[in-house]
Structure formats: C-alpha cells, structure tokens
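S.K.: Next comes the sequence, and after it the predicted model I'd like to discuss.
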Amino acid sequence: MPDAAAEPGTAAARDAAEEKSAFSHPAVEPDSTAGYGDHPDQVIDFYAPRGGAGPVEAAPVVVVLHGGSWRAPYDRRHISPFAGFLAHRGFAVASVEYRRGAEGSGAEGSGEPVAGRWPDTFDDVAAALDALPELVRHHLPRADARRTVLTGHSAGGHLALWAAARHLLPGDAPWRTDRPAPLRGVVALAPIADFEVADKLDVCGGAARQLLGGGELFAGRRPYADPALLLPTGIATTLVQGRADVDVPQAVAEAYADAAAKAGEVVGVTLLEDVGHYPLIDPAADACAVVAEEIAQLAW
C-alpha cells in the first residue's frame, strides 16, 4: 500500500508536487562563470540584467546562495532558473557555488550524504563574498555593486544570514571582518536560521548538526556558524517563509526573528499562506514574484 503521508491532500503530497515543479525547469546557463579559488566548486555564475523596473546600466546585484542541506547532490544548477528569473526582473545576479558534504559518505548511518564540510563550506562563502566586488566589475560591468542584496534558499538562506554577520563572529574566527558588509540587505528564503531549533526539529535530517561536525562539536561551533547567535547585524533583513513548509518549518524563522528582537533588531518576516518550501525559488509560482519584490524593496 502507498505511504499515507504521500497520499493526495496531505502535506507530504503538497511538498512533493511543489518540489517537482521547482525542479522541472531546465537549467539556465549563465552569461559567464569565474573562479574565486582553485577548487572546482569555488565558482560564481553571473547573469546580466535583462530588463525590469530600473535601468540595466545601474542594476543592483543580487548574490544567490543555493540550498540543498549543504549536501553534495544539490549544486547551483537547481537554482539557476531562479537566477535567470531575477535577471529578467532587472537584477544583475551572482550565483555562488561552494563546497558541500562529500558524496556517498553517509550521515550517522542514514545513508544520506553528509551535510556540508567544516570549515570548507564557510571558507568558500567568505572567500566568494570577499572576491565578489572585483569579479562583479569584470563580469557585470553594467551593475551597481553599491546596491548588493544577499539572498539564499534553505541552507543557502543560512549562509546569506551568516555572511552578513561576519563582523559579529568570535575574535578567533578566520572569517571575521572588521566592519559590516556593504550590503543593502538580506532576503533569506525559508532559511535554516536558528540551529538550536532546527536541531530539535531534525530539519533536513539533522543537517545543521552534521554541518558542524556532529556530536560534541555542535555546541562548540555554533557561535561561529549559527545566525541566531550573531545579532544584531545592523543590516536590513527580511525572511520569506511559507506557512505550509514541512522541510524548514515556520518555527525556525520565527526563532531567528525572536532572537533578533531580543538583540534590539527588527527583522521583517513575510509569511505566505498555503506555500511550502520550494515555491520561493520556482519561477512558475506566485511566491517567487513575492520574493523578487522583497529583494527590489531593499535593492532599488
């Protein structure tokens, strides 16, 4: 008999249908690709602006960090339709690849690939953001790098929030910066934004714990990796969250917003009714247009 959880009308069935739609689009090839390091995964795809609300010769830059639980099978190609969608909305887009968990390594007996690499995943995101201004000048000459917005989906939402908080990292963190990043803002999409709550809810099969090395390493590394412990950032931040998300539940975003409020910072939370995890990056979904508007409000 079929699994009742996947029968029509269930949350699992909705999630499966939304995932199928989001992954049904052909990959959109970038206008150019550049490396920010020597590893094959240390690359950024660039999409030139193609129209939209503002002049393409002064287009804001949107930095996209893909999700996929920081696991190797999910690379930037699955989010390339979203990157192309943003380019057609008038944004200059930089889609960042980074090192993820090793293929086929298994996660605590689950058989799934491990989520992320410590410290490589963080090394890469920091290096990519540091290299970005010069790369944008070369690959997106019509863009205005002074108006840069970070966005990311799911695990990529975590990385976007983390990248905007590097100036708050502990003093011995190799990724720490001496001042806030020059960003117009962050739009995090269903982000794994609070590791304590995500761990309690076993989000994405315990991905947050795996990312930090598992076991006893989790608590010791959280101050270096958990956005909910790196507040207030002083950077305009909006979370976009589907209320029907069963992959990264609403409670994770709300925990981050609550932590921000306790730190004296207001974080915007846009909750979308009857929307799950994947429509936020699906160009065929209305939720994706909402995301583009949230980015535009910060960028323009």
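M.R.: That came in fine, so what should we check first?
S.K.: Does the closest residue to A145 other than its chain neighbours lie in a helix or a strand, and which?
M.R.: Using CB to CB, 6 or more residues apart in numbering and skipping residues adjacent in sequence, the residue nearest A145 is V136, 4.8 Å away. For glycine as for every other residue, the C-beta is placed from the backbone atoms N, C-alpha and C. Using DSSP states H and E, the element containing V136 is helix 120-139.
S.K.: Report the buried residues of that helix.
M.R.: Within helix 120-139, the residues that qualify as buried by neighbour count (16 or more other CB atoms under 10 Å) are 120-129, 131-132, 135-136, 139.
S.K.: With G206 as the reference, measure out to the residue nearest to A145.
M.R.: Applying CB to CB, to the nearest Å, the value for V136 to G206 is 36 Å.
S.K.: which residue ranges form the strands in this structure?
M.R.: 32-35, 43-47, 59-65, 92-96, 143-153, 185-189, 237-242, 268-272 (DSSP state E).
S.K.: Run me through the strand neighbours of the first one, direction for each.
M.R.: Read that as strand 32-35. Strand 32-35 pairs in its sheet with strand 43-47 (antiparallel), by DSSP bridges.
S.K.: ok and the partner strand relative to helix 120-139, angle-wise?
M.R.: 40 degrees (axes from the mean of the first three to the mean of the last three CA atoms, to 10 degrees).
S.K.: how about R147, what does it touch?
M.R.: P60, V61, R184, A299, W300 (CB atoms under 8 Å, 6 or more residues apart in numbering).
S.K.: Quick check on the residues you listed: which are buried?
M.R.: P60, V61, R184, A299, W300.
S.K.: if I pick the residue lying closest to the fourth one once chain neighbours are set aside, what's in contact with it?
M.R.: Once its chain neighbours are removed from consideration, A299 has its nearest residue in P60; the separation is 3.5 Å (CB to CB, 6+ apart). The neighbours of P60, taking CB under 8 Å, 6+ apart as the test, are G54, F91, A92, A143, D144, R147, T148, V149, R184, A299, W300.
S.K.: Show me the beta-bridge partners of P60.
M.R.: Bridge pairing for P60 - DSSP bridges - gives D144.
S.K.: ok, it to T238 distance?
M.R.: For P60, the distance to T238 - CB to CB - is 15 Å.
S.K.: swap in S24?
M.R.: With CB to CB as the criterion, S24 and T238 are 27 Å apart.
S.K.: Could you check the pLDDT of S154?
M.R.: For S154, the model assigns a pLDDT of 98.
S.K.: That one against A193, yeah?
M.R.: No: contact between S154 and A193 fails when scored by CB atoms under 8 Å: they sit 10.2 Å apart.
S.K.: how far away is the closest residue to L201 other than its chain neighbours from T237?
M.R.: For L201, ignoring the flanking residues on the chain, the nearest one in space by CB to CB, 6+ apart is P249 at 6.1 Å. P249 is 19 Å from T237, where distance means CB to CB.
S.K.: Of these two, which one has the most company?
M.R.: T237 (30 against 19; other CB atoms under 10 Å).
S.K.: My guess is the more buried one contacts A165. True?
M.R.: No: T237 lies out of contact with A165 (CB under 8 Å); the separation is 9.5 Å.
S.K.: can you tell me the average pLDDT over stretch 123-138?
M.R.: On average, the pLDDT along stretch 123-138 is 97.
S.K.: Show residues contacting it.
M.R.: Contacts for stretch 123-138 (CB under 8 Å, 6+ apart): 34, 36-37, 39, 41-42, 44, 46, 61, 63, 65, 92, 94, 96-99, 143, 145, 148, 159, 162-163, 166, 174-175, 181.
S.K.: Okay, helices next: where are they in the stretch 201-300 of the chain?
M.R.: All helices of the stretch 201-300 of the chain, identified by DSSP state H, counting those that start in this stretch, fall at 207-211, 217-225, 250-262, 286-299.
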